[in-house]
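S.K.: sequence plus predicted model, see below.
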Amino acid sequence: MKIVLTGGNGMVGRNIRDHATASQHELIAPRSRELDLTDGPATEAYIARVKPDLIIHAAGRVGGIQANMAHPVEFLVENLDMGRNIVMAARASGTPKLINIGSSCMYPRAAPNPLEESMVLTGELEPTNEGYALAKVMTARLCDYVSLSNPGLDYKTLIPCNIFGIHDKFDPAVSHLLPAIIRKVDEAARTGAESVEIWGSGEARREFMFASDLADGIWTAVERFDDLPGMMNMGVGHDHSINDYYAAVARVIGWQGSFTHDLSKPVGMKQKLVSVAMQREFGWLPSTSLDDAIAKTYAHFRALPAAAEENHP
Ligand SMILES: NC(=O)C1=CN([C@@H]2O[C@H](COP(=O)(O)OP(=O)(O)OC[C@H]3O[C@@H](n4cnc5c(N)ncnc54)[C@H](OP(=O)(O)O)[C@@H]3O)[C@@H](O)[C@H]2O)C=CC1
Ligand SMILES: C[C@H]1O[C@H](OP(=O)(O)OP(=O)(O)OC[C@H]2O[C@@H](n3cnc4c(=O)[nH]c(N)nc43)[C@H](O)[C@@H]2O)[C@@H](O)[C@@H](O)C1=O
């Protein structure tokens, strides 16, 4: 198939490109400087020219809780524009298949866990990432509307849990939990610091998948597109507390210090564990253990050029 991958230089996109199945397709992954997805006419012209059989939309303005709180306008508008433009460009050119990457932030803050796909739009969103979540919900709904009103076009949304891995962002201003812990504990190990600070009480819970497992799930969705439901979670089936993740990284790195808690820092959702019932029925499960995934991500972090100030303290 001829496949256009948006966000191909991001963490998820690079893992998609690095997967063995990528070589079986003609994969076209424009950087943002070649195709700015917030530019509607440029996006429409690009898709009309390339005429892909399938689009994987994995571009976005993405960041952890702090970045989302600091830039709600950008997280809403950029993600909404990118989602709208790629879906409408696909529709205009008659692209038959599209896989849109959503996020577990799309679920209401008070929805019971595990979060089932039918719970989207049943309640208030989590305020710390509301803008981003609104954009994600609207793009997913737009995919549904296009599929319903355009015979021959099938646009589907995958809803991953939190993701980490190789090609992650380690800059504390934008990082998600796992890369933030890796950077903090690595720094403590190298400087001989005796303690590391955890944001919040550490009792909130998160579900994290290794990015190369998500890439494997996305390729399975591409190859078995017709079996895929219109909206499907991608998760590991269990979560851990924030404190557990700090302990896991310390164990993998071999650092034996202690932890303190900064209760002034934002905590966000208490829990966001997605249901994997539909995913099981579809027939795909991730395979990398948490410790293996941390070890591989840590090795990647240590191999980053020391000159990259945003990655190495
Ligand atoms: N990381 C996570 O924990 C999770 C991520 N997701 C979703 O997965 C997807 C990928 O996330 P992730 O890989 O982590 O994000 P990254 O920030 O690593 O990558 C985002 C990519 O989007 C591209 N991009 C940003 N703005 C534009 C633009 N205006 N035009 C074209 N491309 C643009 C960037 O391209 P370039 O580098 O060329 O500038 C970059 O490659 C997103 O939809 C995200 O919401 C879902 C759940 C969890
Ligand atoms: C995937 C999803 O991810 C985002 O939501 P989030 O899960 O709340 O984001 P997060 O990974 O940054 O934090 C997870 C938890 O971890 C705690 N925490 C402890 N210590 C650090 C720390 O040092 N850094 C960070 N970032 N968090 C920390 C932090 O307090 C929070 O309780 C969305 O904005 C959105 O981007 C999205 O799609």
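M.R.: That came in fine, so what should we check first? This structure is a prediction, so every number in the text was calculated from the model and none was measured. Ligands and ions are numbered 1, 2, ... in the order given.
S.K.: contacts, neighbours, all on C-alpha from now
M.R.: OK.
S.K.: middle-most residue in the protein, spatially?
M.R.: residue 163 (5.3 Å; CA atoms, centre = their mean).
S.K.: which stretches of the stretch 101-250 of the chain form helices?
M.R.: Assigned by DSSP state H, counting those that start in this stretch, the stretch 101-250 of the chain shows helices spanning 130-149, 177-191, 211-223, 242-253.
S.K.: dump those helices into CSV; add mean pLDDT, mean neighbour count and distance to residue 233 as well.
M.R.: Listed next are those as CSV, based on pLDDT from 0 to 100; neighbours: other CA atoms under 10 Å; distance: least, CA to CA, whole Å:
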stretch, mean pLDDT, mean neighbour count, distance to residue 233
helix 130-149, 98, 21, 12
helix 177-191, 98, 20, 20
helix 211-223, 98, 21, 11
helix 242-253, 98, 19, 21
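S.K.: and of those helices, who's closest to residue 11?
M.R.: helix 211-223 (7.2 Å; CA to CA).
S.K.: domain-wise, how is the chain divided?
M.R.: Annotated domains of the chain cover 2-164+208-234, 177-205+239-271+289-308 [automatic domain parsing].
S.K.: need the residues of the protein near ligand 1, please.
M.R.: Contact residues (CA under 6 Å from any ligand atom) of the chain with ligand 1: 7-13, 31-32, 35-38, 58-62, 101-103, 160-164.
S.K.: tell me the contacts of the closest residue in space to residue 203 that isn't next to it in sequence?
M.R.: Ranked by CA to CA, 6 or more residues apart in numbering and with sequence neighbours excluded, the top spatial neighbour of residue 203 is residue 241, at 5.4 Å. By CA atoms under 8 Å, 6 or more residues apart in numbering, the contact list for residue 241 reads 202, 203, 204, 205, 206.
S.K.: in what helix or strand does residue 52 lie?
M.R.: Assigned by DSSP states H and E, residue 52 falls within no helix or strand.
S.K.: per-residue pLDDT, it?
M.R.: At residue 52, the model reports a pLDDT of 98.
S.K.: and it, how many neighbours?
M.R.: Per other CA atoms under 10 Å, the neighbour tally for residue 52 reads 23.
S.K.: do the same with residue 73
M.R.: Residue 73 has 13 nearby residues by other CA under 10 Å.
S.K.: all numbers from here: first residue = 880
M.R.: Let's use 880 as the start, then, which means that last one is residue 952.
S.K.: just checking, it touches residue 1009?
M.R.: No: judged on CA atoms under 8 Å, residue 952 makes no contact with residue 1009 at a distance of 10.1 Å.
S.K.: and whichever strand in the chain runs longest, does that touch ligand 2?
M.R.: Among the segments of the chain that qualify as a strand by DSSP state E, the longest is strand 1033-1039. No: legend: contact between strand 1033-1039 and ligand 2 by CA under 6 Å from any ligand atom is lacking; minimum distance shown is 8.0 Å.
S.K.: out of the helices of the stretch 980-1129 of the chain, which gets nearest to residue 896?
M.R.: Of all the helices of the stretch 980-1129 of the chain, helix 1090-1102 comes closest under CA to CA, at 8.4 Å.
S.K.: elements contacting the closest one?
M.R.: Applying 3 or more CA pairs under 8 Å, 6 or more residues apart in numbering; DSSP states H and E, one finds that helix 1090-1102 contacts helix 890-897, strand 1041-1043.
S.K.: still on that earlier bit, okay, the helices of the stretch 980-1129 of the chain in CSV with distance to ligand 2 next?
M.R.: CSV is the format used below for these (distance: least, CA to the nearest ligand atom, whole Å):
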stretch, distance to ligand 2
helix 1009-1028, 7
helix 1056-1070, 4
helix 1090-1102, 12
helix 1121-1132, 6
